[in-house]
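Engineer: for reference, the sequence and a predicted model appear below.
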Amino acid sequence: ETGVTQTPRHLVMGMTNKKSLKCEQHLGHNAMYWYKQSAKKPLELMFVYNFKEQTENNSVPSRFSPECPNSSHLFLHLHTLQPEDSALYLCASSQELVGSYNEQFFGPGTRLTVL
Amino acid sequence: AQSVAQPEDQVNVAEGNPLTVKCTYSVSGNPYLFWYVQYPNRGLQFLLKYITGDNLVKGSYGFEAEFNKSQTSFHLKKPSALVSDSALYFCAVRYPKGDYKLSFGAGTTVTVRA
């Protein structure tokens, strides 16, 4: 395992539901990331946190709301999603952010289906 | 903007044969280059990276990759493929200065038949 865990692994929700995805890293890293993975498309970077501070919001709709209470935990709050938001959501972490060549460590992902 | 291309959606090889997964990048300068692998129902796992130095980089599970600056390529190779190498492979590029983000290719599905 990579040291990054994600819960739940699978989530089915209606368009009016509110749910949250959780990510936890046990690696002592300072940077954490949310990615969206859709079939046949490159990974889309959604949000980046460095030392708990958000440093990147890659034009993500407001129905996705991230939260990083500390360097080990990252949440993605979901509200009023659309069917096209169905995808695999991956969390990742790395030792540092700016100027670093350190690789990212990924969690197993949450498979989200929006009905 | 940095970008990376994986020209093949799928690669099929027989077990024991050499495996090559292609990757090219379309940026100038000296990027950092990475390969990741994704097995079914799993997240991405780091395989190897090129930062500087020797153009041939060795990584996990017997994989290696060769950085070719003149061709702006970073192809992943394995001399003898295993059925267990069947997975989705992603190439990624990152600049050491300025934009720190990883840009991923669309992925190449490798199928190794017994």
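Structural biologist: Received it, and whenever you're ready, just let me know what you need.
Engineer: stretch A:23-38: end-to-end distance?
Structural biologist: 19 Å (CA to CA, to the nearest Å).
Engineer: which parts of that stretch are buried?
Structural biologist: A:23-25, A:29-37 (16 or more other CB atoms under 10 Å in any protein chain shown). In this view, the C-beta of every residue, glycine as well, is placed from N, C-alpha and C.
Engineer: need the residues you listed in CSV with secondary structure and distance to residue B:105, can you?
Structural biologist: Below are these laid out as CSV (DSSP: H, G, I helix; E, B strand; the rest coil; distance: CB to CB, whole Å):
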residue, secondary structure, distance to residue B:105
A:23, strand, 24
A:24, strand, 28
A:25, strand, 25
A:29, coil, 24
A:30, coil, 26
A:31, strand, 22
A:32, strand, 23
A:33, strand, 17
A:34, strand, 19
A:35, strand, 14
A:36, strand, 16
A:37, strand, 12
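Engineer: contact residues of chain B facing chain A?
Structural biologist: With CB under 8 Å from any CB of the partner chain as the criterion, chain B comes near chain A at residues B:9, B:32, B:34, B:36, B:41-46, B:49, B:51, B:90, B:94, B:96-97, B:100-107.
Engineer: run the last query once more with 6 Å
Structural biologist: Applying CB under 6 Å from any CB of the partner chain, we find that chain B lies next to chain A at B:32, B:42-44, B:46, B:49, B:51, B:100-101, B:104-106.
Engineer: residue of chain B nearest chain A, please.
Structural biologist: Distance from chain A to each residue of chain B (CB to the nearest CB) is smallest for residue B:43, at 3.6 Å.
Engineer: so what's that residue closest to, chain neighbours aside?
Structural biologist: In space, and not counting its chain neighbours, residue B:43 is closest to residue A:106: 3.6 Å by CB to CB, 6 or more residues apart in numbering or on different chains.
Engineer: swap in residue B:7?
Structural biologist: Residue B:7's closest residue in space is residue B:22 (CB to CB, 6+ apart), at 5.5 Å.
Engineer: and the closest residue to chain B within chain A, how far from residue A:61?
Structural biologist: Among the residues of chain A, residue A:106 lies closest to chain B, at 3.6 Å counting by CB to the nearest CB. Going from residue A:106 to residue A:61 by CB to CB, to the nearest Å gives 23 Å.
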